[in-house]
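Chemist: Okay, structure incoming, though there's no sequence with it:
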């Protein structure tokens, strides 16, 4: 090895051309090749001994022979170039004596040390040092290479019998000793059992992770600590596997992040343990109801008469990570029905409640849940997918502004195959940090719906606290329904054009609008003709008289002119026992119609925190409203006259 270093240094002395950084192609004629240019000429390098060399000429590759003894199965490679201007990025590759690639190492610029460990079988190997793209040279700055062999601290790498992981919680120690190292632990899970896994480690150079696989390599669950190099690792959870049988827990460095390189740390060990736990949820015994094909008929058939079908209760557990409990609800006589669903977690810790209502999408057939990630239903925005997934994926552009370049998207499916046709989410609602969540949704004549209870982020569970899921149905008490395009979005996107076709009316002047908001996100639309079309704006006036019952709904009443709100009034005193009586018109505020307008829309809905007003979605089958619109000719408004929303006195609406 000393001979190699001397020969390489002599080659440098003979170089007299090129720029200061030994750039590409400069001075190649002065580079003298060392005798370690081919695997067969590899120079023996003893463990712990440092050697020096130069990447010169272009494409230069220097080979060194190393031995890994039976007791030391780790090969540590340390490579550095002194700091200075250089185009070379030094790298290395490890081959066995037959030329088979064992490891492609990292690369470094001048002044950046590299220290990597590889796991190898006992035997002879060749380490080749080169420029990472075999283009650049540097005859002024040498690299320094040191190799060392070390014992693997992970006993399981030497004793295959230790790979069996007991399900009584007994921990085993291991180490991610080298780049690419993975440790596998076998477990056998019985029927109606949950698997609890826990992985801990002190701060380490890599990102500890584990995955749970079946014996065919299919992944079911996993967890990682991306900050493992900064904070200690304590990750894991309780998991429900689909079947009893054999599974493999794989511990490794997490490389799932963007530009995340594999790392290792033989000096820090981890601890892995597993435990088998009895499944507490009776709905998950035998065939689990984690998917649509295992949905339980826990509520019986529901009907939609003039009163509530007796509320049906079901108790279950979100006992494992990713647990989603599916329930099928058969329906009859529900063409104009509504369904209330509530989920009470009963004190569960670490779980954020979420409920989903899923319906059949009859236009797409399926054999597996995976077939239903998309409904193949073309859309231009989320509203195009209302009640059919509610999310438009892949749409680009605006068809109204640039139809030629508009690219339609597809409505997102519920990833559930419901007896041969795909399922679509009609509505979903979550309540992070709360103990319960509830909603009321319209029924669009479906013969059955599915209700899903789960944790919002699918990362929480509680073995000890059962939830209560309640489902009840009835006819919608508002005789004017359906008078709006279904709009299941929080902080709603009110689409004027879409709702004009389904609004109640047209009404003449003097009509009274009545109704209730019996479902979440319900909107009641009314269209009435302009009482004074064609007359001067200052000679025609409308009066709007409102009576709004007290209750949970925080009323918002809006008059819509054209495609914009004309005036809007919010009554957000939730639970006001006196209700609201309010009038626009003589003696109050002027409301002139505009001569060129054909008509107006009246919109009634519940405040959901829009317009910077605090609020939550509410509904009520008994809290009603009555709004009467009249008109009259008048030469002027009484004084004082203030237009709603106008900070200055006056009656001009244009």
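Modeler: Yep, that arrived. Just so it is clear, the model here is predicted, and its values are computed rather than measured.
Chemist: Residue 617: neighbouring residues, count only.
Modeler: Neighbourhood size, residue 617 [other Cβ atoms under 10 Å]: 22. Bear in mind the C-beta positions are built from the backbone N, C-alpha and C, glycine included.
Chemist: Surely it touches residue 520?
Modeler: Yes - Residue 617 is within contact range of residue 520, at 4.8 Å (criterion: Cβ atoms under 8 Å).
Chemist: any common contacting residues for those two?
Modeler: Common neighbours of residue 617 and residue 520 (criterion: Cβ atoms under 8 Å, 6 or more residues apart in numbering): residue 439.
Chemist: Show the low-confidence segments of the stretch 51-200 of the chain, by residue range.
Modeler: Residue ranges of the stretch 51-200 of the chain with pLDDT under 70: 155-162.
Chemist: give me that answer again for 80
Modeler: The stretch 51-200 of the chain contains residues with pLDDT under 80 at 83-84, 154-162.
Chemist: And the strands in it, which stretches?
Modeler: Using DSSP state E, counting those that start in this stretch, the strands of the stretch 51-200 of the chain run over 61-68, 74-80, 90-96, 101-108, 114-119, 123-131, 138-150, 172-174, 182-189, 193-201.
Chemist: Give me the packing partners of the second one, helices and strands only.
Modeler: Think strand 74-80. Counting contacts by 3 or more Cβ pairs under 8 Å, 6 or more residues apart in numbering; DSSP states H and E, strand 74-80 is packed against strand 90-96, strand 101-108, strand 114-119, strand 123-131, strand 138-150.
Chemist: from the middle of its chain, how far away would the third one be?
Modeler: On the basis of Cα atoms, centre = their mean, to the nearest Å, strand 114-119 sits 35 Å off its chain's mean C-alpha point.
Chemist: Run me through the strand neighbours of that strand, direction for each.
Modeler: strand 74-80 (antiparallel) (DSSP bridges).
Chemist: Show me what counts as buried in the partner strand.
Modeler: For strand 74-80, burial by neighbour count (16 or more other Cβ atoms under 10 Å) applies to 74, 75, 76, 77, 79, 80.
Chemist: ok so, going back, out of the helices and strands packed on strand 74-80, which comes closest to residue 44?
Modeler: Across the helices and strands packed on strand 74-80, residue 44 has its closest neighbour in strand 123-131 (9.9 Å, Cβ to Cβ).
Chemist: angle of the closest one against strand 90-96?
Modeler: Here strand 123-131 runs at an angle of 150 degrees relative to strand 90-96 (axes from the mean of the first three to the mean of the last three Cα atoms, to 10 degrees).
Chemist: What is strand 123-131 packed up against?
Modeler: Strand 123-131 packs on strand 50-55, strand 61-68, strand 74-80, strand 90-96, strand 138-150, going by 3+ Cβ pairs under 8 Å, 6+ apart.
Chemist: Mind doing that once more with 7 Å?
Modeler: In this structure, strand 123-131 packs against strand 50-55, strand 61-68, strand 90-96, strand 138-150, with contacts taken as 3 or more Cβ pairs under 7 Å, 6 or more residues apart in numbering; DSSP states H and E.
Chemist: Figure out which of the ones you listed is closest to residue 237.
Modeler: Residue 237 sits nearest to strand 138-150 of all the helices and strands packed on strand 123-131, at 34.1 Å, using Cβ to Cβ.
Chemist: what helix or strand does residue 376 sit in?
Modeler: Using DSSP states H and E, residue 376 sits within strand 374-379.
Chemist: what's the following helix or strand past that strand in contact with?
Modeler: Once strand 374-379 ends, the next helix or strand along the chain (criterion: DSSP H and E) is strand 392-393. Applying Cβ atoms under 7 Å, 6 or more residues apart in numbering, the external contacts of strand 392-393 come out as 379, 380, 381, 382, 384, 385, 409, 410, 411, 412.
Chemist: Which of these are buried, as a PyMOL select command?
Modeler: Command for PyMOL that selects the buried part of the contacts of strand 392-393, burial taken from 16+ other Cβ under 10 Å:
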select buried, resi 379+380+382+384+385+409+410+411+412
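Chemist: ok so, going back, export the buried residues of strand 74-80 to TSV and append columns for distance to residue 452.
Modeler: Listed next are those as TSV, based on distance: Cβ to Cβ, whole Å:
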residue	distance to residue 452
74	49
75	52
76	52
77	52
79	54
80	57
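Chemist: residues making contact with stretch 168-176?
Modeler: Contact with stretch 168-176 is made by 153-154, 156, 162, 165, 183, 185, 206, 251-253, 264-266, 269-273, 275, as judged by Cβ under 7 Å, 6+ apart.
Chemist: mind giving me CSV with the helices and strands packed on strand 74-80 and columns for distance to residue 524?
Modeler: As requested, the helices and strands packed on strand 74-80 are exported to CSV (distance: least, Cβ to Cβ, whole Å):
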stretch, distance to residue 524
strand 90-96, 70
strand 101-108, 65
strand 114-119, 68
strand 123-131, 73
strand 138-150, 75
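Chemist: So which of the ones you listed is nearest residue 421?
Modeler: Of the helices and strands packed on strand 74-80, nearest to residue 421 by Cβ to Cβ is strand 101-108, at 49.2 Å.
Chemist: any idea which helix or strand carries the nearest residue to residue 358 once chain neighbours are set aside?
Modeler: Closest residue to residue 358 apart from its sequence neighbours, by Cβ to Cβ, 6 or more residues apart in numbering: residue 450 at 4.2 Å. Element membership for residue 450, per DSSP H and E: strand 448-455.
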